[in-house]
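In: Return atomic coordinates for the entry below.
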Amino acid sequence: MKDMGLDAYRFSISWSRILPNGKLSGGVSPEGIQYSNNLIDELLANGIQPYVTLFHWGLPQTLEVEYGGFLSPRIVGDYRDFADVCFKEFSDRVKYWITLNEPWTYSNFGYATATSAPGRCSAWQKLNCTGRDSGTEPYLVMHHLLLAHTAAVKLYKEKIRFLDPLIYGDYPYSMHSLVASRLPKFSQEQSAIVKGSFDFIGMNYYTANYAQDAPQLGNTNLSYPTDSLAHLSGVDEFNNSTLPLKQQLYDLMRIDYYYSHLAYLLRAIKDGANVKGYFAWSLLDNFEWGNGYAVRFGINYVDYLDGLKRYPKYSAFWFKSFLKKK
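Out: Presented below is the predicted three-dimensional model:
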């Protein structure tokens with residue numbers, strides 16, 4: 001990262017690594033604290049600012065078993081305790097905190113479509129999931145995510161110094177109209193605390209989809225490996241022996257994607273958008289939710305079959321050159 005000229009790195013802290021049984025009453029792990037300290041200190045020593053995400057879907061299994069995780073309001077207090085430990089241990093060096101990663105995706109994929117943990121949905125959907133109620137649970141989880149976020153923000157502001165609820169203190173009219181009685185309600189006090197409880201909003205982009213005319217539509221499931229353009233740019237199964245390493249590093253389409261995206265981001269800034277930063281996803285090939293190791297978003301290639309050795313792709317060299325010219 002230092003060699004590339006990167007000045008910021010976003011990562012998450014594992015809840016279970018800090019609180020092994022998910023609760024403060026179960027004790028704090030010194031090894032877990034030291035692990036994060038080592039990473040934070042090394043980043044700062046190399047001029048890289050740490051941006052820390054507190055919850056990237058790593059719910060302690062003990063809390064899921066005990067009371068259903070984010071289905072229960074009890075999660076708010078336990079999340080607050082986890083955030084409190086992190087603030088106490090790391091806020092002397094970490095100045096940028098992200099409370100939740102993609103809360104909508106977590107509540108929808110985990111409790112409506114069952115494509116992510118804990119894999120819950122209504123029985124009538126027949127998705128091989130735990131039979132529950134996908135008509136109410138996603139909203140309940142979303143509600144508790146917002147309250148957990150608010151608790152962490154309030155704690156941080158006191159001790160250290162979904163958009164409509166955060167801006168206006170309530171869900172939008174469309175949700176009240178469509179979801180009706182299934183939508184949890186904020187108390188007057190909760191609404192006042194939730195409103196305005198953010199400093200910035202992070203927007204995630206992962207890829208683009210290409211479409212072309214297909215007069216005789218087949219039944220092939222859409223995926224990265226079945227996209228001919230993606231295949232030619234080296235996005236394929238990690239153990240595909242037909243693609244030599246040199247070819248997988250030659251990712252000109254990724255460079256074009258970043259170049260175009262950043263060009264339009266610059267246009268938005270010139271038009272008045274208050275953009276403060278940009279993180280490329282991702283630094284390394286990694287394990288992707290729902291796709292495992294079958295897709296490679298990294299600008300650095302990871303050889304999963306040879307000790308996780310890393311090799312910079314063409315896009316990594318492009319980023320290095322781009323940052324030098326800024």
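
In: quick check: domain ranges of the protein?
Out: Using automatic domain parsing, the domain ranges for the chain come out as 1-201, 224-326.

In: By mean pLDDT, show me the worst of these.
Out: Note on these: domain 224-326 shows the lowest mean pLDDT, a mean of 83.

In: so what's Phe109 closest to, chain neighbours aside?
Out: Sequence neighbours aside, Ser116 is the residue nearest to Phe109 in space, at 3.9 Å (criterion: CB to CB, 6 or more residues apart in numbering). Every C-beta, even on glycine, is put in place using the N, C-alpha and C of the backbone.

In: list the contacts for the one you found?
Out: Ser116 makes contacts with 57, 105-106, 109-110, 289-290, as judged by CB atoms under 8 Å, 6 or more residues apart in numbering.

In: By neighbours, which of those residues wins?
Out: If you count neighbours using other CB atoms under 10 Å, the busiest of the contacts of Ser116 is Gly110, which has 25 neighbours.

In: Give me the secondary structure label for that one.
Out: Using DSSP: H, G, I helix; E, B strand; the rest coil, the three-state assignment for Gly110 comes out as helix.

In: now that we're looking at it, which residues does it contact?
Out: Contacts of Gly110 were listed using CB under 8 Å, 6+ apart, and they are 57, 116-120, 141.

In: Over to Tyr301?
Out: In this structure, Tyr301 makes contact with 245, 248-249, 285, 310-313, judged by CB under 8 Å, 6+ apart.

In: and those residues, which are buried?
Out: 248-249, 285, 312-313 (16 or more other CB atoms under 10 Å).

In: From those residues, pick the one nearest Phe186.
Out: Checking those against Phe186 with CB to CB, the nearest one is Asp285 at 41.0 Å.

In: all helices for the stretch 51-200 of the chain, in order.
Out: Assigned by DSSP state H, counting those that start in this stretch, the stretch 51-200 of the chain shows helices spanning 61-67, 74-90, 103-111, 137-159, 163-168, 173-179, 188-194.

In: Show me the one of those helices that comes nearest Ile269.
Out: helix 163-168 (20.3 Å).

In: picking up where we left off before, next step: the buried ones among the contacts of Tyr301 restricted to helices.
Out: Secondary-structure check on those using DSSP state H: residues within helices are 248-249.

In: Name the nearest of the buried ones among the contacts of Tyr301 relative to Tyr206.
Out: After measuring the buried ones among the contacts of Tyr301 against Tyr206 - CB to CB - the closest member comes out as Asp285, at 13.6 Å.

In: Surely Asp285 touches Asn300?
Out: Yes: counting by CB atoms under 8 Å, Asp285 sits close enough to Asn300 to count as a contact (7.2 Å).

In: picking up where we left off before, out of the domains of the chain, nearest to Gln216?
Out: Taking CB to CB, domain 224-326 is the member of the domains of the chain nearest to Gln216, at 16.0 Å.
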